[in-house]
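# would you be able to build a 3D model of this:
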Amino acid sequence: MRRRTGLAMAGVAALAWGEWLNRRWSRTLVGDHEGTSEAVVVLGYRNPQPTANLVNRWRVRAGLRSVTAGRAHGTRVIFSGGAVGGRVAEAEVMAAYAKSVLGFEGSVLLEDRSATTWENITNVIPLLEDADRIKIASQPAHALKARAYLRRQRPDLAERLVRADDYRPGEWMVAKPLLALYGLWSLRGLEPGERKGTRRAAAG
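Numbering: from 1, shown residues only. Sure thing, here's the model as predicted:
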């Protein structure tokens, strides 16, 4: 009985830790910038088949729900990702899913050359220059990594970053401890200030 209770408590603690860490990442390196124009960048994931896989389907949904209410036709949604794992670019696969399956009718732009997160940011920068508000949608750790890269490449644009709707309590709950562990590994190259959103990171 004690062993089962201990395992149950450990499981609850792991779920709570995964929720907390993903929530924190989703709120790091973002502000409350105002403005009329908005851009939502949806980062692609390796997609061997010609249709969107589970991860890319979720990322598209997270990106579309990140569009500020009432701005569906005033927001550009930028799908970013090249043909890394298949013949069709991730950007094309995600855009097709957004339009044909989810029925999105807003403005869509494609960045279909990137093979890494650093390249994602480098290649979407020209599409962000005139956006007042910038959102990056992906799994929270991946989106944080991309925001940190934007701060390194274009700190002026990074000042316009606001939070995307890529974290919701209870969503992917069972997987969040694993996502948190993978996130810690994937963020190991960031500076402490970038992971925590300190003033030093904002200045750099």
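
# quick one: what helix or strand has residue 67 in it?
For residue 67, there is no host helix or strand (DSSP states H and E).

# residues near it, how many?
By other CB atoms under 10 Å, the residues close to residue 67 number 22. All C-beta atoms are positioned from the backbone trio N, CA, C, and that covers glycine.

# residues touching the residue lying closest to it once chain neighbours are set aside, list them.
Closest residue to residue 67 apart from its sequence neighbours, by CB to CB, 6 or more residues apart in numbering: residue 75 at 4.7 Å. The contact partners of residue 75, by CB atoms under 8 Å, 6 or more residues apart in numbering, come to 37, 38, 39, 40, 67, 68, 106, 107.

# ok, so of those residues, who is nearest residue 100?
Set against residue 100, the nearest of these by CB to CB is residue 106 (14.2 Å).

# the closest one contacts residue 77, correct?
Yes - assessed by CB atoms under 8 Å, residue 106 is found in contact with residue 77 at 6.1 Å.

# could you pull out the residues contacting both of these two?
residue 67.

# the bottom helix or strand of the chain by mean pLDDT?
Lowest on mean pLDDT, DSSP states H and E among the helices and strands of the chain sits helix 199-203, with a mean of 39.

# circling back: what's the pLDDT at the residue nearest to residue 67?
On the pLDDT scale, residue 75 is placed at 93.

# strands - which of the contacts of residue 75 land there?
Among the contacts of residue 75, the ones falling in strands (DSSP state E) are 38, 39, 40, 107.

# ok, of those residues, which come out buried?
For the ones in strands among the contacts of residue 75, a burial check counting by 16 or more other CB atoms under 10 Å picks out 38, 39, 40.
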